[in-house]
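Enquirer: Everything below, folded, please.
(one chain, ligands or ions: 1)
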Amino acid sequence: MAWDKTLLFTVDRSRRTPIFEQICEVVRKWAHTGGLKQGAMLPATRVLAEDLCVSRSTVVSAYEQLVAEGYLEGHKGAGYKVCAIGSVELPHDHMPENISKTEKAASLSALIPSQPDMRLFPYRNWAKIVARVCRTNPESMLTGASSFGNLALRQAIANHVREWRGIEASPQQIIVTAGATDALNICFHTLVQPGQAVGIEDPGYKPILRFVTRLGLAPVFLEVDQNGTRLPKTQARPDIVVLTPSHQYPLGGVMSPQRRWEYLDWAKTNNAWVIEDDYDSEFRYSGRPIPAMAGFDHLNRTVYIGSFSKIFSNTLRLGYIIAPHSLVDPIRQTMDSYGLKAGLMPQQALSEFIHSGDFYRHLRRVRRIYSERRKFLVQELCERFSQFGTVQDHPAGMQLVFHLNTSLKDKEISTRAKHVGISVEALSESTMENDDYNGFILGFCSYTQDEMRTVLDKLFEVLST
Ligand SMILES: Cc1ncc(COP(=O)(O)O)c(C=O)c1O
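Expert: Okay, here's the model as predicted:
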(Lines give C-alpha, C1' and ligand atoms only; values in the text may rest on other atoms or scores of the structure.)
Protein backbone atom coordinates (compact mmCIF):
# COMPACT_ATOMS: atom_id res chain seq x y z
CA MET A 1 0.00 0.00 0.00
CA ALA A 2 1.53 3.32 -0.97
CA TRP A 3 0.96 6.87 0.15
CA ASP A 4 -0.37 9.10 -2.62
CA LYS A 5 -0.77 12.33 -0.70
CA THR A 6 2.72 13.70 -1.06
CA LEU A 7 1.60 16.68 -3.09
CA LEU A 8 -1.49 17.44 -1.06
CA PHE A 9 0.25 19.69 1.40
CA THR A 10 2.96 22.28 1.44
CA VAL A 11 5.01 23.51 4.32
CA ASP A 12 4.24 26.97 5.60
CA ARG A 13 7.47 28.82 6.25
CA SER A 14 5.69 31.81 7.76
CA ARG A 15 4.54 29.71 10.75
CA ARG A 16 6.61 29.52 13.94
CA THR A 17 6.02 25.76 14.00
CA PRO A 18 9.20 24.05 12.77
CA ILE A 19 8.91 22.29 9.42
CA PHE A 20 9.52 18.84 10.88
CA GLU A 21 6.60 19.43 13.27
CA GLN A 22 4.38 20.52 10.36
CA ILE A 23 5.10 17.19 8.66
CA CYS A 24 4.28 15.39 11.91
CA GLU A 25 1.00 17.32 12.21
CA VAL A 26 -0.12 16.25 8.74
CA VAL A 27 0.77 12.58 9.21
CA ARG A 28 -0.91 12.50 12.64
CA LYS A 29 -4.05 14.10 11.26
CA TRP A 30 -4.28 11.70 8.33
CA ALA A 31 -3.59 8.74 10.57
CA HIS A 32 -6.44 9.82 12.86
CA THR A 33 -8.95 10.61 10.16
CA GLY A 34 -8.30 7.37 8.30
CA GLY A 35 -6.57 9.08 5.34
CA LEU A 36 -3.54 6.94 6.14
CA LYS A 37 -4.45 3.33 6.78
CA GLN A 38 -2.55 0.86 8.92
CA GLY A 39 0.35 -0.60 6.93
CA ALA A 40 0.52 2.26 4.37
CA MET A 41 4.12 3.00 3.39
CA LEU A 42 5.21 6.61 3.64
CA PRO A 43 7.20 8.11 0.79
CA ALA A 44 10.92 7.65 1.02
CA THR A 45 12.56 10.45 2.99
CA ARG A 46 14.45 11.62 -0.12
CA VAL A 47 11.25 11.76 -2.20
CA LEU A 48 9.26 13.70 0.37
CA ALA A 49 12.19 16.06 0.99
CA GLU A 50 12.32 16.87 -2.73
CA ASP A 51 8.53 17.29 -3.00
CA LEU A 52 8.41 19.67 -0.06
CA CYS A 53 11.70 21.43 -0.88
CA VAL A 54 13.11 20.70 2.57
CA SER A 55 16.24 18.91 3.70
CA ARG A 56 16.18 15.16 3.99
CA SER A 57 17.26 15.35 7.63
CA THR A 58 14.09 17.37 8.38
CA VAL A 59 11.95 14.54 7.01
CA VAL A 60 14.01 11.93 8.88
CA SER A 61 13.51 13.88 12.14
CA ALA A 62 9.76 14.05 11.51
CA TYR A 63 9.51 10.33 10.77
CA GLU A 64 11.62 9.43 13.80
CA GLN A 65 9.43 11.62 16.01
CA LEU A 66 6.36 9.82 14.67
CA VAL A 67 8.02 6.46 15.38
CA ALA A 68 8.61 7.60 18.97
CA GLU A 69 4.96 8.63 19.24
CA GLY A 70 3.76 5.27 17.97
CA TYR A 71 2.33 6.47 14.64
CA LEU A 72 4.97 4.89 12.41
CA GLU A 73 7.23 1.90 12.48
CA GLY A 74 10.41 1.25 10.53
CA HIS A 75 13.58 3.21 10.12
CA LYS A 76 15.77 5.12 7.73
CA GLY A 77 16.89 2.84 4.93
CA ALA A 78 14.06 0.33 5.32
CA GLY A 79 11.08 2.66 4.88
CA TYR A 80 8.40 3.78 7.31
CA LYS A 81 4.87 2.47 7.55
CA VAL A 82 1.78 3.44 9.48
CA CYS A 83 0.95 1.62 12.74
CA ALA A 84 -2.52 0.60 13.91
CA ILE A 85 -3.44 4.08 15.16
CA GLY A 86 -7.14 3.66 14.45
CA SER A 87 -7.37 0.76 16.86
CA VAL A 88 -5.91 2.64 19.77
CA GLU A 89 -7.28 6.12 19.38
CA LEU A 90 -10.47 7.75 18.19
CA PRO A 91 -10.32 10.62 15.75
CA HIS A 92 -10.33 13.88 17.73
CA ASP A 93 -13.64 14.88 16.18
CA HIS A 94 -15.26 11.87 17.80
CA MET A 95 -13.85 12.50 21.24
CA PRO A 96 -16.46 13.11 23.94
CA GLU A 97 -17.08 16.84 23.89
CA ASN A 98 -16.47 17.47 27.57
CA ILE A 99 -13.07 15.75 27.47
CA SER A 100 -11.78 17.55 24.41
CA LYS A 101 -12.97 20.91 25.74
CA THR A 102 -11.40 20.58 29.19
CA GLU A 103 -8.19 19.20 27.77
CA LYS A 104 -8.02 21.98 25.25
CA ALA A 105 -8.61 24.64 27.87
CA ALA A 106 -6.00 23.15 30.19
CA SER A 107 -3.47 22.47 27.49
CA LEU A 108 -3.53 25.95 26.01
CA SER A 109 -2.55 27.73 29.14
CA ALA A 110 -0.82 25.50 31.65
CA LEU A 111 1.71 22.78 32.34
CA ILE A 112 -0.23 20.98 35.05
CA PRO A 113 1.79 18.36 36.97
CA SER A 114 0.68 14.72 37.23
CA GLN A 115 -1.76 15.05 34.36
CA PRO A 116 -2.03 12.20 31.84
CA ASP A 117 -2.93 13.07 28.25
CA MET A 118 -6.49 11.79 27.88
CA ARG A 119 -6.33 12.42 24.13
CA LEU A 120 -4.12 9.31 24.02
CA PHE A 121 -6.62 7.17 25.91
CA PRO A 122 -7.39 3.95 24.01
CA TYR A 123 -11.09 4.76 23.67
CA ARG A 124 -11.93 2.23 21.02
CA ASN A 125 -10.39 -0.85 22.66
CA TRP A 126 -11.69 0.19 26.05
CA ALA A 127 -15.20 0.60 24.61
CA LYS A 128 -14.99 -2.87 23.04
CA ILE A 129 -14.12 -4.46 26.36
CA VAL A 130 -16.77 -2.52 28.29
CA ALA A 131 -19.36 -3.60 25.67
CA ARG A 132 -18.26 -7.23 26.02
CA VAL A 133 -18.61 -7.11 29.81
CA CYS A 134 -22.08 -5.54 29.42
CA ARG A 135 -23.10 -8.37 27.12
CA THR A 136 -21.54 -11.37 28.80
CA ASN A 137 -21.17 -10.52 32.48
CA PRO A 138 -23.37 -7.50 33.29
CA GLU A 139 -23.91 -8.49 36.97
CA SER A 140 -20.18 -8.01 37.63
CA MET A 141 -20.66 -4.27 37.03
CA LEU A 142 -23.16 -3.86 39.83
CA THR A 143 -22.96 -6.72 42.30
CA GLY A 144 -20.88 -9.56 43.63
CA ALA A 145 -17.82 -7.68 44.84
CA SER A 146 -16.68 -7.73 48.45
CA SER A 147 -15.89 -4.49 50.27
CA PHE A 148 -12.38 -4.87 48.83
CA GLY A 149 -13.63 -4.67 45.22
CA ASN A 150 -13.87 -6.95 42.19
CA LEU A 151 -11.82 -10.13 42.64
CA ALA A 152 -10.69 -10.39 38.99
CA LEU A 153 -9.27 -6.86 39.18
CA ARG A 154 -7.52 -7.61 42.46
CA GLN A 155 -5.95 -10.67 40.82
CA ALA A 156 -4.84 -8.52 37.86
CA ILE A 157 -3.33 -5.98 40.28
CA ALA A 158 -1.47 -8.78 42.12
CA ASN A 159 0.07 -9.85 38.79
CA HIS A 160 0.86 -6.26 37.83
CA VAL A 161 2.71 -5.39 41.03
CA ARG A 162 4.61 -8.68 40.97
CA GLU A 163 5.92 -7.92 37.47
CA TRP A 164 6.35 -4.17 37.68
CA ARG A 165 7.02 -3.39 41.31
CA GLY A 166 8.55 -6.55 42.75
CA ILE A 167 5.75 -7.03 45.30
CA GLU A 168 4.42 -10.51 46.13
CA ALA A 169 0.85 -10.21 47.39
CA SER A 170 -2.34 -12.24 47.16
CA PRO A 171 -5.66 -10.71 45.98
CA GLN A 172 -6.84 -11.03 49.61
CA GLN A 173 -4.35 -8.30 50.55
CA ILE A 174 -5.55 -5.94 47.82
CA ILE A 175 -8.25 -3.31 48.29
CA VAL A 176 -9.56 -1.41 45.27
CA THR A 177 -10.04 2.28 46.11
CA ALA A 178 -11.21 5.48 44.44
CA GLY A 179 -7.67 6.54 43.53
CA ALA A 180 -4.63 7.06 45.72
CA THR A 181 -6.39 9.85 47.57
CA ASP A 182 -9.11 7.51 48.84
CA ALA A 183 -6.46 4.91 49.66
CA LEU A 184 -4.60 7.41 51.85
CA ASN A 185 -7.82 8.27 53.62
CA ILE A 186 -8.57 4.60 54.35
CA CYS A 187 -5.04 4.11 55.70
CA PHE A 188 -5.36 7.13 58.00
CA HIS A 189 -8.74 5.97 59.27
CA THR A 190 -7.31 2.52 59.99
CA LEU A 191 -3.90 3.29 61.40
CA VAL A 192 -4.17 6.45 63.48
CA GLN A 193 -6.49 8.13 65.95
CA PRO A 194 -7.03 11.88 66.37
CA GLY A 195 -4.10 13.40 68.22
CA GLN A 196 -1.54 10.94 66.83
CA ALA A 197 1.25 12.12 64.56
CA VAL A 198 1.79 11.55 60.81
CA GLY A 199 5.11 12.19 59.06
CA ILE A 200 4.74 13.91 55.69
CA GLU A 201 7.31 15.01 53.16
CA ASP A 202 8.29 18.68 52.90
CA PRO A 203 7.99 19.61 50.06
CA GLY A 204 5.26 17.13 49.30
CA TYR A 205 1.78 16.48 48.04
CA LYS A 206 -0.20 19.24 49.78
CA PRO A 207 -3.61 17.47 49.95
CA ILE A 208 -2.04 15.04 52.44
CA LEU A 209 -1.52 17.89 54.89
CA ARG A 210 -5.18 18.83 54.46
CA PHE A 211 -6.35 15.26 55.30
CA VAL A 212 -4.06 15.14 58.28
CA THR A 213 -5.33 18.36 59.79
CA ARG A 214 -8.96 17.59 58.94
CA LEU A 215 -8.73 14.28 60.81
CA GLY A 216 -7.27 15.99 63.91
CA LEU A 217 -3.85 14.38 63.39
CA ALA A 218 -0.57 16.15 64.08
CA PRO A 219 1.72 16.62 61.05
CA VAL A 220 5.45 16.01 61.43
CA PHE A 221 7.35 17.53 58.49
CA LEU A 222 10.13 15.46 56.96
CA GLU A 223 12.90 17.24 55.06
CA VAL A 224 14.14 15.91 51.73
CA ASP A 225 17.83 15.66 50.81
CA GLN A 226 19.80 13.99 48.00
CA ASN A 227 19.12 10.52 49.49
CA GLY A 228 15.39 11.05 49.69
CA THR A 229 13.15 11.91 52.61
CA ARG A 230 14.97 12.19 55.94
CA LEU A 231 13.94 10.25 59.00
CA PRO A 232 11.84 11.98 61.67
CA LYS A 233 13.93 13.78 64.26
CA THR A 234 14.12 11.77 67.48
CA GLN A 235 11.83 14.02 69.52
CA ALA A 236 9.06 13.75 66.89
CA ARG A 237 7.41 10.34 67.06
CA PRO A 238 5.02 9.88 64.17
CA ASP A 239 2.95 6.70 64.17
CA ILE A 240 2.95 6.57 60.40
CA VAL A 241 4.94 8.25 57.64
CA VAL A 242 3.75 8.81 54.06
CA LEU A 243 6.61 8.56 51.56
CA THR A 244 7.12 8.67 47.77
CA PRO A 245 10.41 6.71 47.65
CA SER A 246 10.44 5.76 43.96
CA HIS A 247 9.88 9.30 42.74
CA GLN A 248 9.65 12.00 45.38
CA TYR A 249 6.79 14.41 44.81
CA PRO A 250 7.49 17.07 43.65
CA LEU A 251 11.31 17.09 43.55
CA GLY A 252 11.58 13.80 41.69
CA GLY A 253 14.54 12.03 43.36
CA VAL A 254 14.75 8.37 44.32
CA MET A 255 15.26 7.31 47.94
CA SER A 256 18.63 5.58 48.37
CA PRO A 257 18.64 1.89 49.41
CA GLN A 258 20.39 2.82 52.66
CA ARG A 259 17.65 5.34 53.56
CA ARG A 260 14.96 2.77 52.76
CA TRP A 261 16.51 0.28 55.15
CA GLU A 262 16.78 2.99 57.80
CA TYR A 263 13.07 3.70 57.43
CA LEU A 264 12.14 0.04 57.68
CA ASP A 265 14.29 -0.33 60.79
CA TRP A 266 12.74 2.81 62.23
CA ALA A 267 9.21 1.45 61.58
CA LYS A 268 10.05 -1.89 63.22
CA THR A 269 11.67 -0.31 66.26
CA ASN A 270 8.88 2.20 66.78
CA ASN A 271 6.00 -0.08 65.91
CA ALA A 272 5.13 2.44 63.23
CA TRP A 273 3.97 2.12 59.59
CA VAL A 274 5.39 3.34 56.30
CA ILE A 275 2.78 4.23 53.70
CA GLU A 276 4.41 4.01 50.29
CA ASP A 277 2.58 6.33 47.89
CA ASP A 278 3.75 4.92 44.54
CA TYR A 279 1.59 7.29 42.51
CA ASP A 280 3.47 7.38 39.17
CA SER A 281 6.37 4.94 39.29
CA GLU A 282 5.48 3.10 36.06
CA PHE A 283 6.84 6.18 34.27
CA ARG A 284 10.59 5.73 34.29
CA TYR A 285 12.29 6.78 31.08
CA SER A 286 15.77 5.35 31.44
CA GLY A 287 17.51 2.68 33.45
CA ARG A 288 15.79 -0.08 35.33
CA PRO A 289 12.52 0.46 37.24
CA ILE A 290 13.14 1.22 40.90
CA PRO A 291 11.57 -1.64 42.90
CA ALA A 292 8.97 -0.66 45.44
CA MET A 293 9.97 -0.40 49.07
CA ALA A 294 7.06 -2.70 49.98
CA GLY A 295 8.72 -5.37 47.82
CA PHE A 296 11.89 -5.64 49.78
CA ASP A 297 10.09 -5.16 53.07
CA HIS A 298 7.88 -8.17 52.09
CA LEU A 299 4.92 -6.08 53.20
CA ASN A 300 5.94 -6.26 56.81
CA ARG A 301 5.75 -2.62 57.99
CA THR A 302 4.88 -1.06 54.62
CA VAL A 303 1.43 -0.37 53.24
CA TYR A 304 1.60 0.13 49.48
CA ILE A 305 -0.64 2.53 47.53
CA GLY A 306 -0.92 2.41 43.74
CA SER A 307 -3.13 4.32 41.32
CA PHE A 308 -4.53 3.96 37.82
CA SER A 309 -5.02 7.73 37.65
CA LYS A 310 -1.67 8.41 36.04
CA ILE A 311 -1.13 5.33 33.91
CA PHE A 312 -4.67 4.96 32.64
CA SER A 313 -7.30 7.55 33.46
CA ASN A 314 -7.56 10.09 36.24
CA THR A 315 -11.33 10.26 35.86
CA LEU A 316 -12.08 6.54 36.32
CA ARG A 317 -10.90 7.11 39.90
CA LEU A 318 -9.34 3.71 40.59
CA GLY A 319 -6.41 2.98 42.83
CA TYR A 320 -5.49 0.33 45.36
CA ILE A 321 -3.96 -0.52 48.70
CA ILE A 322 -1.76 -3.55 49.24
CA ALA A 323 -1.85 -4.31 52.92
CA PRO A 324 0.35 -6.49 55.13
CA HIS A 325 -1.57 -9.60 56.32
CA SER A 326 -1.82 -8.14 59.80
CA LEU A 327 -3.76 -5.12 58.49
CA VAL A 328 -6.28 -6.93 56.30
CA ASP A 329 -8.90 -7.26 59.06
CA PRO A 330 -8.46 -3.74 60.47
CA ILE A 331 -8.85 -2.32 56.94
CA ARG A 332 -11.94 -4.49 56.40
CA GLN A 333 -13.46 -2.96 59.54
CA THR A 334 -12.71 0.54 58.24
CA MET A 335 -14.24 -0.32 54.87
CA ASP A 336 -17.34 -1.80 56.51
CA SER A 337 -18.02 1.40 58.39
CA TYR A 338 -16.61 3.81 55.84
CA GLY A 339 -18.14 2.20 52.71
CA LEU A 340 -16.64 1.40 49.33
CA LYS A 341 -15.96 4.60 47.39
CA ALA A 342 -14.53 3.05 44.21
CA GLY A 343 -17.15 2.58 41.49
CA LEU A 344 -17.69 -1.12 40.73
CA MET A 345 -18.76 -0.56 37.15
CA PRO A 346 -15.35 -0.29 35.43
CA GLN A 347 -13.55 -2.86 37.59
CA GLN A 348 -14.32 -6.06 35.65
CA ALA A 349 -13.60 -4.27 32.35
CA LEU A 350 -10.26 -3.00 33.69
CA SER A 351 -9.29 -6.51 34.77
CA GLU A 352 -10.02 -7.78 31.25
CA PHE A 353 -8.23 -4.83 29.70
CA ILE A 354 -5.11 -5.70 31.71
CA HIS A 355 -5.46 -9.41 30.95
CA SER A 356 -5.80 -8.80 27.18
CA GLY A 357 -2.47 -6.96 27.01
CA ASP A 358 -4.13 -3.74 25.77
CA PHE A 359 -3.29 -2.04 29.04
CA TYR A 360 0.45 -2.68 28.61
CA ARG A 361 0.38 -1.67 24.94
CA HIS A 362 -1.19 1.61 26.05
CA LEU A 363 1.34 2.02 28.86
CA ARG A 364 4.29 1.45 26.51
CA ARG A 365 2.85 3.87 23.99
CA VAL A 366 2.21 6.74 26.41
CA ARG A 367 5.55 6.19 28.08
CA ARG A 368 7.31 6.62 24.74
CA ILE A 369 5.36 9.80 24.00
CA TYR A 370 5.84 11.25 27.49
CA SER A 371 9.54 10.50 27.26
CA GLU A 372 9.81 12.59 24.07
CA ARG A 373 7.80 15.40 25.64
CA ARG A 374 9.99 15.37 28.72
CA LYS A 375 13.12 15.51 26.58
CA PHE A 376 11.71 18.53 24.77
CA LEU A 377 10.87 20.36 28.00
CA VAL A 378 14.29 19.67 29.53
CA GLN A 379 15.98 20.90 26.39
CA GLU A 380 13.90 24.09 26.23
CA LEU A 381 14.56 24.86 29.89
CA CYS A 382 18.29 24.20 29.59
CA GLU A 383 18.69 26.19 26.39
CA ARG A 384 16.34 29.12 26.87
CA PHE A 385 15.89 29.49 30.62
CA SER A 386 19.41 28.88 31.97
CA GLN A 387 19.75 32.56 32.99
CA PHE A 388 16.81 32.11 35.37
CA GLY A 389 17.54 28.77 36.98
CA THR A 390 18.29 25.08 36.62
CA VAL A 391 16.32 21.93 35.92
CA GLN A 392 16.31 19.05 38.30
CA ASP A 393 16.33 16.30 35.71
CA HIS A 394 15.19 12.92 36.99
CA PRO A 395 14.21 10.69 34.05
CA ALA A 396 10.90 9.64 35.57
CA GLY A 397 7.41 10.73 36.44
CA MET A 398 5.07 13.27 34.94
CA GLN A 399 6.57 16.61 35.96
CA LEU A 400 9.91 18.19 36.62
CA VAL A 401 11.11 20.99 38.82
CA PHE A 402 12.76 24.17 37.57
CA HIS A 403 14.63 25.87 40.41
CA LEU A 404 14.85 29.65 40.12
CA ASN A 405 18.25 31.13 40.88
CA THR A 406 17.15 34.76 40.67
CA SER A 407 15.75 37.04 43.35
CA LEU A 408 12.31 36.61 41.77
CA LYS A 409 9.78 34.72 43.87
CA ASP A 410 7.88 31.84 42.29
CA LYS A 411 4.47 32.79 43.73
CA GLU A 412 4.85 36.33 42.46
CA ILE A 413 5.77 35.11 38.98
CA SER A 414 2.93 32.64 39.04
CA THR A 415 0.50 35.50 39.78
CA ARG A 416 1.96 37.64 37.02
CA ALA A 417 1.81 34.70 34.63
CA LYS A 418 -1.95 34.49 35.14
CA HIS A 419 -2.27 38.00 33.74
CA VAL A 420 -0.75 36.86 30.45
CA GLY A 421 -3.00 33.81 30.34
CA ILE A 422 -0.82 30.99 31.66
CA SER A 423 -0.82 29.02 34.84
CA VAL A 424 2.41 27.64 36.30
CA GLU A 425 2.57 25.93 39.68
CA ALA A 426 4.93 27.57 42.17
CA LEU A 427 7.22 25.05 43.89
CA SER A 428 6.85 26.89 47.19
CA GLU A 429 3.12 25.99 47.15
CA SER A 430 4.21 22.40 47.86
CA THR A 431 6.24 23.24 50.92
CA MET A 432 4.87 22.83 54.42
CA GLU A 433 7.22 24.86 56.64
CA ASN A 434 10.39 25.01 54.58
CA ASP A 435 11.26 28.33 52.89
CA ASP A 436 14.18 27.01 50.86
CA TYR A 437 12.32 26.22 47.67
CA ASN A 438 11.70 28.66 44.84
CA GLY A 439 10.79 27.43 41.36
CA PHE A 440 8.09 25.78 39.28
CA ILE A 441 6.61 22.30 39.00
CA LEU A 442 6.09 21.77 35.29
CA GLY A 443 4.01 18.90 33.93
CA PHE A 444 4.91 17.60 30.48
CA CYS A 445 2.73 14.55 29.82
CA SER A 446 -0.47 16.18 28.78
CA TYR A 447 0.98 18.65 26.28
CA THR A 448 2.36 18.50 22.77
CA GLN A 449 5.54 20.38 21.96
CA ASP A 450 3.54 23.24 20.46
CA GLU A 451 1.37 23.50 23.55
CA MET A 452 4.42 23.51 25.82
CA ARG A 453 6.10 26.11 23.65
CA THR A 454 3.10 28.43 24.00
CA VAL A 455 3.35 28.34 27.79
CA LEU A 456 7.15 28.59 27.82
CA ASP A 457 7.17 31.61 25.50
CA LYS A 458 4.85 33.45 27.84
CA LEU A 459 6.74 32.33 30.93
CA PHE A 460 9.93 33.62 29.34
CA GLU A 461 8.23 36.95 28.72
CA VAL A 462 7.12 37.18 32.37
CA LEU A 463 10.55 36.23 33.70
CA SER A 464 12.26 38.75 31.43
CA THR A 465 10.17 41.78 32.43
C1 LIG B 1 2.14 12.24 45.26
C2 LIG B 1 0.71 12.02 44.90
N3 LIG B 1 -0.02 11.16 45.62
C4 LIG B 1 -1.31 10.92 45.36
C5 LIG B 1 -1.96 11.54 44.32
C6 LIG B 1 -3.43 11.28 44.08
O7 LIG B 1 -3.66 10.34 43.10
P8 LIG B 1 -5.16 9.92 42.67
O9 LIG B 1 -5.53 10.79 41.51
O10 LIG B 1 -5.05 8.48 42.30
O11 LIG B 1 -6.05 10.15 43.84
C12 LIG B 1 -1.25 12.44 43.52
C13 LIG B 1 -1.92 13.13 42.41
O14 LIG B 1 -1.37 13.87 41.65
C15 LIG B 1 0.12 12.69 43.81
O16 LIG B 1 0.83 13.55 43.08
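
Enquirer: Could you verify my assumption that L111 touches A417?
Expert: No. With contact defined as CB atoms under 8 Å, L111 and A417 do not form a contacting pair (10.6 Å). (Glycine included, C-beta is placed from N, CA and C.)

Enquirer: neighbour count winner among those two?
Expert: Taking other CB atoms under 10 Å, L111 and A417 do not tie; L111 has more neighbours (28 against 22).

Enquirer: roughly how far apart are that one and the ligand?
Expert: 14 Å (CB to the nearest ligand atom, to the nearest Å).

Enquirer: Then E201?
Expert: With distances taken as CB to the nearest ligand atom, E201 is found 9 Å from the ligand.

Enquirer: For that residue, which residues count as its bridge partners?
Expert: L222 (DSSP bridges).

Enquirer: What is the burial count for it?
Expert: Using other CB under 10 Å, E201 has 27 other residues around it.

Enquirer: what residues are up against it?
Expert: Residues near E201 by CB atoms under 8 Å, 6 or more residues apart in numbering: F221, L222, V224, T229, V242, L243, T244, Q248, Y249.

Enquirer: Just give the number of residues close to F148.
Expert: Neighbours of F148 using other CB under 10 Å come to 24.

Enquirer: Wait, it touches R154, no?
Expert: Yes. Look at F148 against R154 with CB under 8 Å: they come within range, at 6.6 Å.

Enquirer: The strand or helix carrying A156: what's the following helix or strand?
Expert: Using DSSP states H and E, A156 sits in helix 151-165. As assigned by DSSP H and E, the chain's next helix or strand after helix 151-165 is strand 174-177.

Enquirer: Give the pairing partners of that next one; include direction for each.
Expert: strand 319-322 (antiparallel).

Enquirer: and the strand it pairs with, anywhere near the ligand?
Expert: Yes. Interface with the ligand: strand 319-322 contributes G319 (CB under 6 Å from any ligand atom).

Enquirer: Report the rounded mean pLDDT for that strand.
Expert: Mean pLDDT, strand 319-322: 98.

Enquirer: which SSE is P238 in?
Expert: Residue-wise, P238 maps onto no helix or strand under DSSP H and E.

Enquirer: That one and Q399, how far apart?
Expert: For P238, the distance to Q399 equals 27 Å [CB to CB, to the nearest Å].

Enquirer: what kind of secondary structure is the closest residue in space to G195 that isn't next to it in sequence in?
Expert: Leaving aside its sequence neighbours, G195 sits nearest to G216 (CB to CB, 6 or more residues apart in numbering; 6.5 Å). Assigned state for G216: coil (three-state reduction, DSSP: H, G, I helix; E, B strand; the rest coil).

Enquirer: Which member of the contacts of E201 is positioned nearest M118?
Expert: Y249 (20.8 Å; CB to CB).

Enquirer: Now for that closest one: which residues touch it?
Expert: Counting by CB under 8 Å, 6+ apart, Y249 touches S114, E201, G204, Y205, D277, Y279, S430.

Enquirer: repeat that for 10 Å
Expert: Listed by CB atoms under 10 Å, 6 or more residues apart in numbering, the contact set of Y249 reads 113-114, 201, 203-206, 208, 224, 243, 277, 279-280, 397-399, 430, 441.

Enquirer: got it, and P291?
Expert: The neighbours of P291, taking CB under 10 Å, 6+ apart as the test, are W164, R165, G166, I167, P245, S246, P257, R260, S281.
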